[in-house]
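Visitor: got a structure for you, letters missing:
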């Protein structure tokens, strides 16, 4: 119940703000300019918060009404004897902070899309009351405290109003939620009860809108959902090599040499290494796989000492949290030295881990080589099922309340319920007898799935209320034999109904990290990961040196080339520009200026300069100028990009220039490379 409330509230508020901002007579080029406007300075950074604040008095009423009209029929079909007595979201609006807009990307059909990440914060005194039958007294929610970082995907883009086909949104990582209950929940206000309820809410929310799961709002009701789907970035393979610095635990009767294991979490998957008994310098050499949808997703690493006594809990030995982007950049092809903390203080314990991004591939080598008992944390691939819509449901319209259920082994999933709501009858895009489900399910093939008989099948059931209208099944052989290992069809599914769906199976490619017998944390320089949040300013303590080395982490910035420059008339003759660039890196006050490429529309520099590297959030500010022999040089345009964005794109990135907030169709190609520099 609570997950549906939160989904409606967040989705309605955010998408209404975006709809207000973008749903005007704008082309894709104008949308580019809007994105530049959003990030052009602090004056505009809270534009979404401003819109929500102005609209909140109307929005809280509209969303409350929508919740009651939509959710009550769903509760009835789910067999839950609950009625919404009151829905009041309170006077405090949602707030958006730390907005980061990614550059426009080309999709497979060249339509284009872009992503936007932001923090969402809400602390509201509300009044949401529910009433059950005589066995369930009235209860409610009096306050919601909520914070999390969200990702919005605007896809596909077009030159037809409203210019954006749809908005998909989800949390990058599980958000923090606190609910204050009234009524029956308040009477039993113990940690056991509240923790259980909170855990259920978090679990439900993760399944619905924590990456890779997203919710959807169609700005264009006719938009094809299959064009909106974006695959994940790939598989993040994290390898735990070894640890050091662990200490003997003092006991009452005898000292205890720790039995260390690691718990590593990414998204809603948690993996655990084997336990290394009685060892202060444990060696694991174990890998584990996670589905990755964003470089901003966080990895949580925890070290524990296993307690041999069944009745006692394991002892906590420290943890750290870092983004996958930080992890990838810091480990490279080797291992990153990661300090563990207890209560936000370094505790002296360290682990060496590697993170590798394994791209998805239609080549099924990883699927055809299932993990052994020693590799139970490995994945074999990914099954993606997209349920688009059903056609011609054989039920009276007033009784329509349908969904699609998916079963694969012990994995059970379901789309949302599309029910008949009289107030929605006749609205564009709403037809309960031809319902749009628009749902994507990504099933990482874990050890359990890989042990299934290869003749096992994926089952899709079309259900209305408690009645199964029809079933269809897909075999692995069918998927593997299909072009690009993908089946995209509309099939009959019983009693005259049809189901449009897309199903695919993919493997992934990986390379083993460079272990080598020479890794020695006491002698080799290892990068101390910056575990601050992504908006933290760089400091000189973010990179540390090994005990016996004197090396400093640097970033080598290279201005490669430019294109798109044009000649213009000057005193009745064509003036071909003389182009040079000025580069400023992070908070370094020094400005590096390249040489001037005279009389060139396609200048080539290949000039480099080293700067101290603190973290991947360092910003490169690049201005491009046309030199004049007399008078002031002309600014052609500029761009800003983080070091991490360049590194995560393979080290080379082409950036379009902007001038006075507008894209000018001129480009500079820039390269970044991490290097170690010896110091005296």
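Guide: Now that the structure is in, tell me what you want to look at. Just so we're clear, the structure is a prediction, and the values are computed from it rather than from any experiment.
Visitor: run the chain-centre distance for stretch 144-153.
Guide: Offset of stretch 144-153 from its chain centre (Cα atoms, centre = their mean, to the nearest Å): 11 Å.
Visitor: what about that stretch, average pLDDT?
Guide: The average pLDDT for stretch 144-153 rounds to 87.
Visitor: next: stretch 384-403.
Guide: On average, stretch 384-403 scores 94.
Visitor: now that stretch, how far from the centre of its chain.
Guide: For stretch 384-403, the distance to the chain centre is 29 Å (Cα atoms, centre = their mean).
Visitor: repeat for stretch 463-482
Guide: 29 Å.
Visitor: now do it: everything it contacts.
Guide: Identification of contacts with stretch 463-482 by Cβ atoms under 8 Å, 6 or more residues apart in numbering yields 77, 79, 364, 383, 393-395, 399-405, 454-462, 485-487, 491-495, 497, 499, 503-505. C-beta here means a position set from N, CA and C on the backbone, and glycine is covered the same way.
Visitor: just the buried residues of the residues you listed.
Guide: 77, 364, 383, 393, 395, 400-405, 457-458, 460-462, 485, 487, 493, 497, 499, 503-505 (16 or more other Cβ atoms under 10 Å).
Visitor: return the subset of those lying in strands.
Guide: Among the buried ones among the contacts of stretch 463-482, DSSP state E puts 383, 401-405, 457-458, 460-462, 487, 499, 503-505 in strands.
Visitor: ok, so of those residues, who is nearest residue 111?
Guide: residue 504 (19.8 Å; Cβ to Cβ).
Visitor: could you give the bridge partners of that closest one?
Guide: Beta-bridge partners for residue 504, by DSSP bridges, are residue 384, residue 486.
Visitor: residue 666 versus that one, what's the distance?
Guide: Here the criterion is Cβ to Cβ, to the nearest Å. By it, residue 504 lies 39 Å from residue 666.
Visitor: roughly how far does residue 342 sit from residue 495?
Guide: 61 Å.
Visitor: for residue 649, same thing?
Guide: 50 Å.
Visitor: again with residue 404
Guide: According to Cβ to Cβ, residue 404 stands 15 Å off from residue 495.
Visitor: what do you get for residue 588?
Guide: 69 Å.
Visitor: before we move on, what about residue 318?
Guide: Residue 318 is 59 Å from residue 495, by Cβ to Cβ.
Visitor: let me see the mean pLDDT of the helix or strand hosting residue 304.
Guide: According to DSSP states H and E, residue 304 maps onto strand 298-305. For strand 298-305, mean pLDDT rounds to 95.
Visitor: give the other helices and strands that it contacts.
Guide: Strand 298-305 is packed against strand 234-244, strand 260-266, strand 315-323, helix 324-331, strand 336-342, strand 345-358, with contacts defined by 3 or more Cβ pairs under 8 Å, 6 or more residues apart in numbering; DSSP states H and E.
Visitor: if you average pLDDT over the longest one, what comes out?
Guide: Throughout strand 345-358, pLDDT has a mean value of 90.
Visitor: right, and the helix or strand after it?
Guide: Proceeding N to C from strand 345-358, the next assigned helix or strand is strand 360-361, under DSSP H and E.
Visitor: appreciated, that's everything.
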